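>>> sequence unknown, structure follows:
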């Protein structure tokens, strides 16, 4: 059954995808430490910025992030359309003695939220990419924010999401070849990969959240450059991002003031050269001529699209194109000017592309034993996750321009 919105999908599963089941202050503080590192170090939003701030969080799920914001001193309005989450949120705030900081809890999504109030910070993590077109939620955020206010978002980036789509395509092929249920097939293919990383959620939750999630698809993923351009057009400036959307190698006199248009242009140039880095989940910066960068970007886009098509038709006409594109990308990497931390990083990425080439070739041969042998033991495959989740913080221009 096609889902209208992401929260409808989770309601039907009767699952809260991010529920951490915190019981002690130590558990909450450990999680708060991770959030503090993210916000202070990567997003340049120190916790003291939240002190006495009016914060609106869309889609808080069970409320772990909201609890952290309240511990930083924020006054919270939570808009959570999944009513199954409300009792968990209220119980959390009562358990950790933060009820006075929960100003309002409403059953609403982004597009249905109504308020005459204005907020200092809006937080919308993990789902906002599914609200389309992008200009819709950007316009809503702009209306709800005070001038100079911040919107914190996380989303699936189009190039960074390649490996997620590839795993879904492999899973789809495995289900066809074995005729087994989704969970059984997923464990046969990916249990070793899942066990190779630290995690707090179950394998079953990951299956639901990624492999079976109808919103983890190319048509929803956002291109970072296009998102920044749309935000610029709606009256926002880029405050920060992770991975960084600003060229850290850029140098100019500290008194030189760049216009909003110039800042956007520099960011777009940087993002185009970062697409291979996003795909690989490591520094693989394209430093060659603009024509070469454009050619590689086009080939990656075609590869991502074909892998996405395989999710619906694993043995269709996209499969040979995926195999050919992986071989071509592997060869192109050897002849392209790429800035990496060292040769080992470049070799590791090449090995990852080689691994996926072998897996998709085994799919073409309908060799399930060969597929599982690779997915359960190939080290390059086991360690490859890419950089699917990006954070972007945008700031509403004070002049409203």
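Perfect, I can see it now. Fair warning: this is a prediction, and the values are worked out from it, not measured in the lab.
>>> return the distance of residue 350 relative to residue 336.
Going from residue 350 to residue 336 by CB to CB, to the nearest Å gives 11 Å. For every residue, glycine as well, the C-beta is placed using N, CA and C.
>>> same deal with residue 361?
Taking CB to CB, one finds residue 361 at 23 Å from residue 336.
>>> ok, now residue 325?
Distance from residue 325 to residue 336, by CB to CB: 15 Å.
>>> have a look at the two and say which one is more surrounded.
residue 325 (23 against 18; other CB atoms under 10 Å).
>>> what's the pLDDT at that one?
pLDDT for residue 325: 96.
>>> what of residue 83?
Per-residue confidence (pLDDT) for residue 83: 87.
>>> can you show me the helices along the stretch 251-400 of the chain?
260-273, 275-280, 290-312, 318-334, 343-364, 368-377, 379-382 (DSSP state H, counting those that start in this stretch).
>>> same list (these) but as TSV, adding distance to residue 136.
Shown next, in TSV, are the helices of the stretch 251-400 of the chain (distance: least, CB to CB, whole Å):
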stretch	distance to residue 136
helix 260-273	20
helix 275-280	24
helix 290-312	23
helix 318-334	30
helix 343-364	35
helix 368-377	38
helix 379-382	38
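>>> could you list the low-confidence segments of the stretch 51-200 of the chain?
Within the stretch 51-200 of the chain, the segments meeting pLDDT under 70 span 200.
>>> quick one, helices of it?
64-71, 86-95, 134-144, 162-178, 182-195.
>>> which one of the ones you listed lies nearest to residue 399?
With CB to CB as the measure, helix 134-144 is the member of those nearest residue 399 (12.9 Å).
>>> residues of that closest one that come out buried?
Neighbour counts over helix 134-144 (16 or more other CB atoms under 10 Å) mark 134, 137-138, 140-142, 144 as buried.
>>> can you pull up the bridge partners for residue 104?
Beta-bridge partners for residue 104, by DSSP bridges, are residue 77.
>>> so it versus residue 89, what's the distance?
Using CB to CB, one obtains 11 Å as the distance from residue 104 to residue 89.
>>> which one's more surrounded, those two?
Neighbour totals were compared for residue 104 and residue 89, and residue 89 leads with 22 against 12 (other CB under 10 Å).
>>> verify the stated contact: that one with residue 64.
No. Using CB atoms under 8 Å, residue 89 makes no contact with residue 64, being 9.5 Å away.
>>> most tightly surrounded among the helices of the stretch 251-400 of the chain?
Mean neighbours per residue, mean count of other CB atoms under 10 Å, is largest over the helices of the stretch 251-400 of the chain for helix 275-280, with a mean of 25.
>>> what sits up against it?
Helix 275-280 is contacted by residues 157, 159-160, 162-163, 224, 243, 283-286, 296-297, 300, 338, 349, 352, 386-387, 390 when judged by CB atoms under 8 Å, 6 or more residues apart in numbering.
>>> likewise for stretch 234-254?
Outside stretch 234-254, the residues that touch it by CB under 8 Å, 6+ apart are 38, 42-45, 135, 138-139, 141-142, 150-151, 224, 228, 231, 260, 263-264, 266-267, 269-271, 274, 277-278, 387, 390-397, 400-401.
>>> next, the buried residues of that stretch.
Residues of stretch 234-254 classed as buried by neighbour count (16+ other CB under 10 Å): 234-243, 245.
>>> residue furthest from the geometric center of this structure?
Here the chain reaches farthest from its C-alpha mean at residue 255, the gap being 34.8 Å by CA atoms, centre = their mean.
>>> so which of the helices of the stretch 251-400 of the chain comes closest to residue 190?
Of all those, helix 368-377 sits nearest to residue 190, with 6.3 Å by CB to CB.
>>> what angle sits between that closest one and helix 343-364?
160 degrees (axes from the mean of the first three to the mean of the last three CA atoms, to 10 degrees).
>>> which strands and helices lie in contact with helix 368-377?
In this structure, helix 368-377 packs against helix 162-178, helix 182-195, helix 343-364, with contacts taken as 3 or more CB pairs under 8 Å, 6 or more residues apart in numbering; DSSP states H and E.
>>> got JSON lines for these, with distance to residue 21 too?
Shown next, in JSON lines, are the helices and strands packed on helix 368-377 (distance: least, CB to CB, whole Å):
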{"stretch": "helix 162-178", "distance to residue 21": "25"}
{"stretch": "helix 182-195", "distance to residue 21": "20"}
{"stretch": "helix 343-364", "distance to residue 21": "34"}
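>>> nearest to residue 10, out of those?
Smallest distance to residue 10 across the helices and strands packed on helix 368-377 (CB to CB): 16.5 Å, for helix 182-195.
>>> and the contacts of the closest one?
For helix 182-195, the surrounding residues in contact (CB under 8 Å, 6+ apart) are 167, 170-171, 174-175, 178, 180, 203-204, 206-207, 211-212, 371-372, 375-377, 381-382.
>>> if you set the cut-off to 10 Å instead, what comes out?
167, 170-180, 196, 202-204, 206-208, 210-212, 359, 368, 371-372, 374-378, 381-385 (CB atoms under 10 Å, 6 or more residues apart in numbering).
>>> are any of the residues you listed buried, and which?
For those, buried by 16+ other CB under 10 Å: 167, 170-175, 177, 206-208, 210-212, 359, 368, 371-372, 374-375, 378, 381-382, 384-385.
>>> which one of the helices of the stretch 51-200 of the chain lies nearest to residue 125?
Ranking those by proximity to residue 125 (CB to CB) places helix 64-71 first, at 6.8 Å.
>>> burial count for residue 80?
Residues contacting residue 80 under the criterion other CB under 10 Å number 25.
>>> let me fix that, I meant to ask about residue 99.
For residue 99, the count of nearby residues is 12 (other CB under 10 Å).
>>> now it, nearest residue through space, not along the chain?
Among residues not flanking residue 99 along the chain, residue 93 sits closest, at 4.9 Å (CB to CB, 6 or more residues apart in numbering).
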